[in-house]
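S.K.: Compute the structure for the input listed below.
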Amino acid sequence: MWDGPETRYAASGDVHIAYQVVGDGPVDLVWVIGGTTHLEAEWDDPMIARLWSRAAEFTRLIRLDTRGVGMSDPVPIGGLPTLEQRMDDVRAVLDEVGSDRSVVLGQADGGPLAILLATAHPERVSSLILYGTYARLARTDGYQPGWPIHLVESWEKEVAAKWGTGVTLDLLAPSIATGPFRERWGRHERMSASPGQFAAMLRMALHSDVRHLLPAVRVPTIVVHRTDDAFIPVGCGRWLADHIAGAGWRELAGVDHLPFVGDVDALMGEIQEFVTGRRGVAGDGRVLATVVHTCVMGSALEFGDHRWADVLDRYHRLVDDELERYQGDLVRSTGDGVIATFDGPARAIRWAAAMRDNVRRMGLNMRAGVHTGEVVRRGGAVEGVALDVAAQILEQARPGEVAVSGSVPPLIVGSGIDFRSAGEATLTGLPGTWALYVVDDGSPTVAPGVA
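M.R.: Reported below is the predicted structural model:
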């Protein structure tokens, strides 16, 4: 059952545009990505969810799937929308959510769209952020920053042949292109668009050109670009900054185009400072917590729909009881597991072990990932990179194991909880290697008689 932000629809002519609103900050920020998106699938990935949650800490974040993409109405491949139609789609969403004036962030092929909106309807745009984007993508006489057309055409053929395998990561995020995230990104490709749709959108982007609009940009603007962006050359960003009067230029280190990969804090710090006048401050809703991410091993296919539903119902009742006993807080359910936080790692581990033993008595196995780190609390929501780390530690755990990051054992010396080394792992989107340990309490890894 979907338990993420509500997805709603705005009518743009006879087309329905899917959108979400997250956060209640004092400033509206509409983040426009013209290419492949899927509003709900992106929240399933902890790396992407962290980016949107971070933006929602200081804004009312407005996002949409443009027509023909993701959850919005499909359109024929030969009838992909013009920049003007896509601008109308953004305006329809802003009207629907009651946003009279917004900060507009244009990323990749959303940049030309954001520039058109800021020049055609400056009364709707308070300021403009152009991230990893361009006025023109293809090189031409008098404009050399972009891509040679033959290289784009070659990449288009390669992507069409391998679409749905994570192939676009080779340019969008080369630092993690060969890691475990590739499979997750392949799913994103399949859910957001078809190979033909992507190829058509790329061709459309190749021929878009808003250079002539830049002198008409009158709203405060910053251009943000990573120095070695493998997808959109940094020269495209520099050219934008040089040709928009008064535009600020923020060049960040990094090779990845995707904003949720690499130094996310540096990027979001620039955006937050531009939008609010200040960067996030440690302690501003940030606390140290131990995060536990659990997963029950099984499925409706294996047990049957009714029995599996009963199992999960019993499991979640146990979660509530044991959280009260061990003084933990439920962050959210993940369907076949939960994410919970504790103010101490010993309580977190004892809760995870108790849940594992309870599940074993139900004839099933459970595994858990545990990490101690900083989280951000905003009202009832809990976000932060620590949740992502715990989720990836969970992926390393075998059935019946409570796996922990290296941050945990030093904090509970003398607690009576023992660990054994489980080697090291590389976590997607996070630097270095991470030491892993497994709680060694004498329990069998897999429950007897349970695969």
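S.K.: where in the stretch 301-450 of the chain is pLDDT low?
M.R.: Low-confidence segments of the stretch 301-450 of the chain (pLDDT under 70): 301-306, 379-380, 413-414, 446-450.
S.K.: give me that answer again for 90
M.R.: Residues of the stretch 301-450 of the chain meeting the criterion pLDDT under 90: 301-322, 324-328, 332-337, 342-347, 358-365, 372-386, 406-417, 425-435, 440-450.
S.K.: Now do the strands in it.
M.R.: In the stretch 301-450 of the chain, the strands defined using DSSP state E, counting those that start in this stretch lie at 329-333, 338-342, 365-378, 381-383, 402-405, 419-425, 434-439.
S.K.: right, and those strands - which one's nearest E273?
M.R.: Checking the strands of the stretch 301-450 of the chain against E273 by Cβ to Cβ gives strand 365-378 as the closest, at 17.2 Å. (Each C-beta comes from the backbone N, C-alpha and C, glycine too.)
S.K.: What is the distance between the helix or strand hosting M204 and the centre of its chain?
M.R.: Using DSSP states H and E, M204 falls within helix 195-207. Relative to the centre of its chain, helix 195-207 is centred 23 Å away, using Cα atoms, centre = their mean, to the nearest Å.
S.K.: I'd like to know which elements it is packed against.
M.R.: Under the contact definition 3 or more Cβ pairs under 8 Å, 6 or more residues apart in numbering; DSSP states H and E, helix 195-207 sits against helix 149-162.
S.K.: who touches the helix it packs on?
M.R.: 137-139, 167-168, 171, 195-196, 198-199, 202-203, 206 (Cβ atoms under 8 Å, 6 or more residues apart in numbering).
S.K.: Could you list the buried residues of it?
M.R.: V152, W155, E156, V159 (16 or more other Cβ atoms under 10 Å).
S.K.: what's the answer for stretch 204-220, then?
M.R.: By 16+ other Cβ under 10 Å, the buried positions in stretch 204-220 come out as A205, L206, S208, D209, V210, R211, L213, L214, V217, V219.
S.K.: which pair in those residues spans the largest distance?
M.R.: L206 and V219 (27.0 Å).
S.K.: Quick one, which of the strands of the stretch 301-450 of the chain gets closest to V296.
M.R.: Shortest distance between V296 and the strands of the stretch 301-450 of the chain, using Cβ to Cβ, is found for strand 365-378: 5.2 Å.
S.K.: List the residues that contact the residue nearest to the spatial centre of the chain.
M.R.: For the chain, I48 is the residue whose C-alpha lies nearest the centre (Cα atoms, centre = their mean; 0.8 Å). By Cβ under 8 Å, 6+ apart, the contact list for I48 reads E42, F260.
S.K.: hmm, back to that, closest one to W434 out of the buried residues of stretch 204-220, please.
M.R.: A205 (37.5 Å).
S.K.: which one's the longest helix in this protein?
M.R.: Taking DSSP state H as the criterion, the chain has its longest helix at helix 305-326.
S.K.: now the angle between strand 365-378 and it, please.
M.R.: Between the axes of helix 305-326 and strand 365-378, defined by axes from the mean of the first three to the mean of the last three Cα atoms, to 10 degrees, the angle is 60 degrees.
S.K.: Could you tell me how far helix 305-326 lies from the centre of the chain?
M.R.: Remark: helix 305-326 is offset 28 Å from the chain centroid, using Cα atoms, centre = their mean.
S.K.: same question, stretch 352-368
M.R.: In this view, stretch 352-368 has its centroid 30 Å away from the chain centroid, taken as Cα atoms, centre = their mean.
S.K.: What's the end-to-end length of it?
M.R.: 7 Å (Cα to Cα, to the nearest Å).
S.K.: nearest spatial neighbour of L318, skipping sequence neighbours?
M.R.: Using Cβ to Cβ, 6 or more residues apart in numbering and skipping residues adjacent in sequence, the residue nearest L318 is N358, 5.1 Å away.
S.K.: That neighbour: neighbouring residues, count only.
M.R.: 17 (other Cβ atoms under 10 Å).
S.K.: try the one 3 residues further on
M.R.: Under the neighbour criterion other Cβ under 10 Å, R361 is assigned a count of 9.
S.K.: Can you name the residues that contact the nearest residue to A193 once chain neighbours are set aside?
M.R.: The shortest distance from A193 to any residue other than its chain neighbours is 4.7 Å, reached at T36 (Cβ to Cβ, 6+ apart). Residues in contact with T36, defined by Cβ under 8 Å, 6+ apart, are V69, G70, H188, E189, S192, A193, Q197, F198, M201.
S.K.: just the buried members of these?
M.R.: When neighbours are counted using 16+ other Cβ under 10 Å, those contain these buried positions: V69, G70, H188, E189, S192, A193, Q197, F198, M201.
S.K.: Brilliant, that's me finished.
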